[in-house]
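Enquirer: Predicted structure and sequence below. I'll ask about it afterward.
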Amino acid sequence: MNTETLEASPLDANTLQTKKRLKLHAHVMQTQDESGLQYLEVDNPLCTARIALQGAHVMAWQPKFLVQPVLWLSSNARYVKGRSIRGGVPICWPWFGAHPTDSTFCPHGFARVIPWRVIDVDATPTGATRIMLEMADTPEAKRQLSYPYTLVATITVGRRLRVDLATTNQADHPFVISEAFHTYLNISDIANVKITGLQDCVYSDKMLKYERHVEHNPLTFDGEFDRVFINHSSDCTVHDKGYNRLIHVSKSGSDTTVVWSPGAEKSAQMADMGAPDEWRKMVCVETTNAMDNMVVINPGRTHVISAEYAVETL
Ligand SMILES: O=P(O)(O)OC[C@H]1O[C@@H](O)[C@H](O)[C@@H](O)[C@@H]1O
């Protein structure tokens with residue numbers, strides 16, 4: 001289904017304004033909250049999911065065979081225009097972390113706080129729902145990045161969650177980006193998990209002024225943890241002995257993985273991390289291109305970063 005005219009049509013915009021709900025597809029409803037933020041609510045035979053159009057942000061995804069959600073979403077996340085939602089899958093683009101020269105620019109890039117528009121919704125042969133979104137060309141986006149590009153996210157929700165982000169260079173010169181799917185995974189407790197798949201990899205430790213070390217063991221957590229694994233293009237797995245499940249994170253077009261757990265002290269300083277111990281129920285495994293692995297995109301070329309999440313119950 002092509003919904004390209006949806007937002008341009010005054011009739012459809014008014015319908016959404018009045019009714020706050022608009023059916024886009026057999027399995028997808030578009031809704032709007034009091035502050036005007038819009039969401040896609042997906043309910044298909046395989047899963048339920050919720051996507052905020054601001055940021056093309058997957059807030060929730062839960063396969064129907066699972067009891068516990070796969071993505072963590074803070075209980076006091078802010079749903080405000082121009083602010084990122086704490087939890088789910090924020091998209092960091094076109095830079096990861098702070099902007100290198102201008103501190104007034106959005107940390108982790110502006111893609112997560114700009115509205116996106118629906119360009120297509122359809123069902124896959126396996127019964128999943130595939131949604132294509134394009135980032136809007138707003139004055140704020142232009143202020144922070146003046147050259148021409150297109151940015152399209154394809155989100156597929158079913159038994160698995162897949163997110164693809166395609167950057168096309170429409171300029172007449174190459175440009176460089178960094179990017180991430182800053183995914184918050186829902187875990188039973190930070191003390192119950194280990195992450196495999198990063199052994200023997202070099203990491204830059206943000207907790208140690210970006211010192212570089214080699215990771216020798218599966219990751220476990222006993223305090224704030226903030227590491228950027230360089231030249232890491234393979235998959236990793238979160239083993240959660242509390243929920244008796246594995247979360248497999250596989251990827252392509254990504255050469256960096258970031259793992260982040262804020263710990264008690266940092267969480268307490270953040271206004272949107274929920275109740276005091278809520279941070280213990282999340283770990284971020286971020287499919288990234290950053291630091292040594294920033295991406296150069298030549299004129300007319302498209303670069304795609306993809307991540308897929310699958311849960312195996314034990
Ligand atoms: O608060 P933000 O901008 O969403 O960032 C959260 C965290 O994101 C992680 O990717 C970074 O490694 C951390 O250093 C940072 O604190």
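Expert: Looks like it came in fine. Residues are numbered from 1 along each chain as shown.
Enquirer: rest of the way, CA atoms for contacts and neighbours
Expert: Fine.
Enquirer: And residue 206, how far from residue 261?
Expert: Look at residue 206 and residue 261: by CA to CA, to the nearest Å, they are 12 Å apart.
Enquirer: where do the contact lists of the two overlap?
Expert: Shared contacts of residue 206 and residue 261 (CA atoms under 8 Å, 6 or more residues apart in numbering): residue 226.
Enquirer: More neighbours: which of those two?
Expert: The neighbour comparison of residue 206 against residue 261 (other CA atoms under 10 Å) goes to residue 261, with 23 against 14.
Enquirer: Show me what that one is bridged to.
Expert: Beta-bridge partners for residue 261, by DSSP bridges, are residue 225.
Enquirer: Any idea which residue of the stretch 1-150 of the chain lies closest to the ligand?
Expert: When scored by CA to the nearest ligand atom, the stretch 1-150 of the chain has residue 107 as its residue closest to the ligand, at 5.5 Å.
Enquirer: Three-state assignment for the residue nearest to that residue when sequence neighbours are not counted, please.
Expert: Among residues not flanking residue 107 along the chain, residue 98 sits closest, at 4.6 Å (CA to CA, 6 or more residues apart in numbering). Classification of residue 98 using DSSP: H, G, I helix; E, B strand; the rest coil returns coil.
Enquirer: Spell out the secondary structure type for residue 164.
Expert: The local conformation at residue 164, judged by three-state DSSP, is strand.
Enquirer: Would you mind measuring from the residue most central in space within the chain to residue 55?
Expert: Note on the chain: the residue nearest the mean C-alpha position is residue 89, at 2.6 Å, using CA atoms, centre = their mean. Residue 89 sits 9 Å away from residue 55, going by CA to CA.
Enquirer: Quickly list what's touching both of these two.
Expert: Residues touching both residue 89 and residue 55 (CA under 8 Å, 6+ apart): there are none.
Enquirer: Show me the helices in the stretch 151-300 of the chain, by range?
Expert: Per DSSP state H, counting those that start in this stretch, the stretch 151-300 of the chain carries helices over the ranges 263-269.
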